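1. A predicted structure for the sequence below; I have some questions about it.
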Amino acid sequence: MDVALSDMLLFVSVVREGSFTAAARQLGVTKQSVSERVARLEAALGVRLLERTTRALRPTVAGSRYFERCSTIAGLVEEANVEAREQQVEPTGLLRVSAPYLYGRRFLAPVVAAYLGQHPSARVEVVLTDRRIHLVEEGFDLCVRVGPLDDSFMAARKLGEGHTYFVASPAFVAEHGRPTPETLHAFRSVATRADERWDVGGRSIPVEPVLVANDFEIACACAVAGVGVALVPSIVCRDAVEDGRLEVLFAGSAVPVHVLYPSRRQLPARVRVFVACMGALITPMRPLG
């Protein structure tokens, strides 16, 4: 005899509610129907699932194990139903998004414009900051995270990787020579922090910069002007490298870029749709060369 999924879900309701009567009320059926369907389930499985007395109803040892399995299935069914219903829900209300300055300036505008153009009842607030925000505590729906993830309870979708490169102008190289990982420490440099250290070939090298600028755009522009060697993201230096104003000396590091949001379950339509827009419209950053 086959086991019906509907009877498995009904059995979960009976155990959770603690009685046939309460389960019948919750499901909108008769107590007799609930009792008959549980009996049919037990007959199909060939095992007693419930101990019935005049005062109580509780699962047997086999029933307890079966309930655990069926509860997992019930959760998946509910999640599938919620997801299917939300496919028909129009995103509305305010969506709060956070991203690092550099990434937000380069990538978010087309996504926001497409999202608002397709969903006139929606609103968006974009907050750019380079500090690591706390989504739930600060009231954000999602954020872009550049670097390793440490929010294990968050849902994440990878958007690509960010690559960094050591660069210098052709004029700087012609005058001072081409740095190597071993000789880099001896060259004039441009850094984004006074205490910066550069990871080169598995070694951490302290930097004594002639210029400290806490902005990659300024660091890149000064490298173009011949001030010194700079370590900058590819999205900042790509144009200058491709048109010959900068030379790539060697690669730095590659870090993952994700969009984070609190949970995959019962995800609001505004979050689901915006994340889908990001995946569709943001082209993963490709390495130089």
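-> Great, that's in hand. As the structure is a prediction and not an experimental result, all values here were calculated from the model.
2. who touches V241 in this structure?
-> Y165, V167, E247, V248, L288 (CB atoms under 8 Å, 6 or more residues apart in numbering). The C-beta positions use only the backbone N, C-alpha and C, and glycine is treated the same way.
3. how does it look with 7 Å?
-> By CB atoms under 7 Å, 6 or more residues apart in numbering, the contact set of V241 is V167, V248, L288.
4. could you count how many residues lie near E208?
-> The tally of other residues near E208 (other CB atoms under 10 Å) stands at 10.
5. select from the contacts of V241 the one having the most neighbours.
-> In the contacts of V241, the most neighbours by other CB under 10 Å go to V167, 28 neighbours.
6. name the element that residue belongs to?
-> Per DSSP states H and E, V167 falls inside strand 155-168.
7. what residues of that strand count as buried?
-> Across strand 155-168, burial judged by 16 or more other CB atoms under 10 Å covers A155, A156, L159, E161, G162, H163, T164, Y165, F166, V167, A168.
8. helices or strands next to the worst-scoring helix or strand of the chain on mean pLDDT in the packing?
-> In the chain, no helix or strand scores lower on mean pLDDT, DSSP states H and E than helix 61-86, which sits at a mean of 82. Contacts defined by 3 or more CB pairs under 7 Å, 6 or more residues apart in numbering; DSSP states H and E place helix 61-86 against helix 5-17.
9. how does the chain divide into domains?
-> 5-86, 93-154+265-281, 163-255 (automatic domain parsing).
10. which of these has the lowest average pLDDT?
-> Sorting those by mean pLDDT places domain 5-86 lowest, at a mean of 86.
11. chain center to that one: distance?
-> Centroid displacement of domain 5-86 relative to its chain, using CA atoms, centre = their mean, to the nearest Å, is 35 Å.
12. do the same with stretch 281-289
-> Counting by CA atoms, centre = their mean, stretch 281-289 is centred 18 Å from the centre of its parent chain.
13. put the alpha carbons of it into CSV.
-> Only the C-alpha atoms of stretch 281-289 are listed here, as CSV (Å, rounded to 0.1, in the frame of the first residue of the first chain):
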residue,chain,number,x,y,z
LEU,A,281,22.9,42.7,-14.0
ILE,A,282,26.2,42.7,-12.2
THR,A,283,28.9,41.2,-14.4
PRO,A,284,31.5,39.3,-12.3
MET,A,285,34.8,41.2,-12.2
ARG,A,286,37.4,39.6,-14.4
PRO,A,287,41.1,39.5,-13.7
LEU,A,288,43.4,41.8,-15.7
GLY,A,289,45.5,40.5,-18.5
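14. partner strands of the strand holding V167, parallel or antiparallel?
-> strand 229-233 (antiparallel), strand 247-261 (antiparallel) (DSSP bridges).
15. how much does the helix or strand just after the least confident helix or strand of the chain deviate in direction from strand 247-261?
-> Where DSSP H and E defines the elements, the next helix or strand beyond helix 61-86 is strand 93-99. Relative orientation of strand 93-99 versus strand 247-261 (axes from the mean of the first three to the mean of the last three CA atoms, to 10 degrees): 150 degrees.
16. from the contact counts, what lies against strand 93-99?
-> In this structure, strand 93-99 makes packing contacts with strand 122-128, strand 142-146, helix 269-281, judged by 3+ CB pairs under 7 Å, 6+ apart.
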